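Colleague: Pasting a predicted model and its sequence here:
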Amino acid sequence: MSSLAFLLQQGFDPDQLQKMMLAIVPIILVCVAVGFAIVIIPFWFICKKAGFSPWLSLLNIIPLGNLILIYVLAFAQWKVTPIPTMAFPPPYPPPQPPLPPQV
C-alpha cells in the first residue's frame with residue numbers, strides 16, 4: 001500500500017511499474033486457478049453422482065454459468081436410481097436361548 005502511495009506521489013516509473021506487474025501477475029494467476037479448483041472439483045463430483053457428464057462442471061468458468069449449472073441440477077431428472085431396499089438381505093436373528101429344564 002505504501003509503495004502504491006509512493007508511486008502516486010512521484011509519478012510512474014515504467015521500469016518499476018513493470019517489475020511490480022511481473023511480481024503481481026503470477027500471484028493473481030495462482031489465486032484464480034485455486035479459486036477455480038475450489039468451485040469446479042465439488043461440482044465435478046456432484047455431476048458425476050447425479051448421472052450427468054462431469055464436464056458440465058466447467059460451466060463455472062463462464063460468467064453466470066454456475067447459475068445455469070445449479071438450475072440444471074435442481075430441475076433435471078437425475079439418472080441415478082436408488083438402491084432397492086432388499087438389495088442386501090436382512091441380518092439373521094440371534095439364536096433363541098435354551099429353555100430352562102422342566103421338572
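Modeller: Looks like it arrived, so ask away.

Colleague: where's V39, which helix or strand?
Modeller: Using DSSP states H and E, V39 maps to helix 14-50.

Colleague: how far off helix 14-50 does the strand or helix carrying L67 point, in degrees?
Modeller: According to DSSP H and E, L67 maps onto helix 65-75. Orientation check (axes from the mean of the first three to the mean of the last three Cα atoms, to 10 degrees): helix 65-75 against helix 14-50 gives 10 degrees.

Colleague: can you list contacts of helix 65-75?
Modeller: Contact with helix 65-75 is made by V39, F43, I46, C47, A50, F52, L56, S57, L59, N60, as judged by Cβ atoms under 8 Å, 6 or more residues apart in numbering. Yep, even glycine has a C-beta here, placed from its N, CA and C like the rest.

Colleague: One more pass at 10 Å, please.
Modeller: Contacting residues not belonging to helix 65-75 are listed as 39-40, 43, 46-47, 50, 52, 56-60, 62 [Cβ atoms under 10 Å, 6 or more residues apart in numbering].

Colleague: May I see the buried residues of that helix?
Modeller: N66, L69 (16 or more other Cβ atoms under 10 Å).

Colleague: any idea of the mean pLDDT for that helix?
Modeller: Across helix 65-75, pLDDT averages out at 91.

Colleague: And stretch 43-56, by the same measure?
Modeller: Averaged across stretch 43-56, the pLDDT comes to 91.

Colleague: OK, contacts around the residue positioned nearest the centre of the chain?
Modeller: In the chain, the residue lying closest to the centroid (Cα atoms, centre = their mean) is P42, at 2.2 Å. Listed by Cβ under 10 Å, 6+ apart, the contact set of P42 reads S57, N60.

Colleague: distance of it from P54?
Modeller: 11 Å (Cβ to Cβ, to the nearest Å).

Colleague: now swap in A33 and tell me
Modeller: Counting by Cβ to Cβ, the gap from A33 to P54 is 19 Å.

Colleague: Who has more neighbours out of these two?
Modeller: Neighbours per residue, other Cβ atoms under 10 Å: of A33 and P54, the larger number sits with P54, 15 against 10.

Colleague: Return the residues in contact with the more buried one.
Modeller: P54 touches I40, F43, W44, F45, I46, C47, K48, counting by Cβ under 10 Å, 6+ apart.
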